[in-house]
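A.B. asks: Sequence plus predicted model, see below.
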Amino acid sequence: MKNMTLLEVKNIEKYYSQRQFIFRRKHEIPIIQKVSFSLREGECLGIVGQSGSGKSTLGRIILGVERPTNGEVLFQGVNLYEATSKDKKMVRRDLQAVFQNSYDSFNPKQTIFEILEEPLLNFEHYSKIERQHKVMELLDCVELANTIAQKYPAQLSGGQQQRINIARALALNPKLIVLDEAISSLDMILQKHILQLLQTLQKERKLAYIFISHDLQATHFMSDRILVMQHGQLMEEIQKGQTCQHPVSQELYNAILPSHPRGRNKIRY
Ligand SMILES: Nc1ncnc2c1ncn2[C@@H]1O[C@H](COP(=O)(O)OP(=O)(O)OP(=O)(O)O)[C@@H](O)[C@H]1O
């Protein structure tokens, strides 16, 4: 089911004020300029662009944690920045995020069980036994052994920590997960495993993703559509299987290195 609109981003602009020199007056620097797009249920939308193009700022605006200067973000029809407390609760359940530095998002004094139990305690009316079952189910979902539940985050590898982050994001059965450089700190083999896991979970749960990344190949693998950003603007939308047309997108695609050096000037889009 990929036809219901889940998210609408309308004419988003974000300015930061910055002083050019110590005694000069502050200037408004545009970081996001007139960005609009929508996302359907169960869809994966990739957002790529060079460093500093505004991807993470846009991600934070979509998550409702960074108010845009202008424009609206509607999640399931609710304006994130004018939501009532009841609507905010719905958004906190249905809209989740996974970031690059998984360890930073944990309380190091909590066990994995406590970390995964926390959203259930805050949002569900489960009994203790039900919470235990649910935590084990979440560990199973991200292909981790139940014995991990008693460990602390520092006792896990980077890949295991990122799986815990994904499991925590899944705990409340969200509709959308914003993945911001979620696999960037992992080695290539682990990246592939996590991407495959994310795809399986997407199919099983009809989840939508916004996949923000520098990595064009991973974004291609995951996404139904890709938005290319530069200087805070959307330059092009590339549908799956289509060739990119815009010079900015072509430059990004040209930067992909083929596995063999002799093929490096023969990239095809
Ligand atoms: N709080 C802030 N105050 C001022 N400028 C900011 C702030 N946050 C981000 N910026 C600037 O906004 C621009 C976009 O940053 P952003 O992190 O969104 O880009 P990005 O495309 O995600 O980059 P990267 O891929 O390197 O993470 C950058 O020039 C950054 O310096």
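C.D. replies: On my side now, so go ahead.
A.B. asks: Could you look up the SS state of the residue in the stretch 101-250 of the chain positioned nearest to the ligand?
C.D. replies: Of all residues in the stretch 101-250 of the chain, H214 sits closest to the ligand, at 5.6 Å by CB to the nearest ligand atom. Bear in mind the C-beta positions are built from the backbone N, C-alpha and C, glycine included. Under DSSP: H, G, I helix; E, B strand; the rest coil, H214 falls in the coil class.
A.B. asks: got a list of what it touches?
C.D. replies: By CB atoms under 8 Å, 6 or more residues apart in numbering, the contact set of H214 is 48, 50-51, 181, 184.
A.B. asks: Flag the least confident of the residues you listed.
C.D. replies: On pLDDT alone, S184 ranks lowest of the contacts of H214, at 85.
A.B. asks: neighbours around that residue, how many?
C.D. replies: When neighbours are defined as other CB atoms under 10 Å, S184 has 15 of them.
A.B. asks: and what of T243?
C.D. replies: Around T243 there are 11 residues (other CB under 10 Å).
A.B. asks: And for K134?
C.D. replies: With other CB under 10 Å as criterion, K134 counts 17.
A.B. asks: who in the stretch 101-250 of the chain is up against the ligand?
C.D. replies: H214 (CB under 6 Å from any ligand atom).
A.B. asks: show me the contacts for the closest residue to H193 other than its chain neighbours.
C.D. replies: Leaving aside its sequence neighbours, H193 sits nearest to G159 (CB to CB, 6 or more residues apart in numbering; 7.5 Å). For G159, the contact set (CB under 8 Å, 6+ apart) comprises 186-187, 190, 193-194.
A.B. asks: repeat that with 10 Å
C.D. replies: 102, 144, 183, 185-187, 189-191, 193-194 (CB atoms under 10 Å, 6 or more residues apart in numbering).
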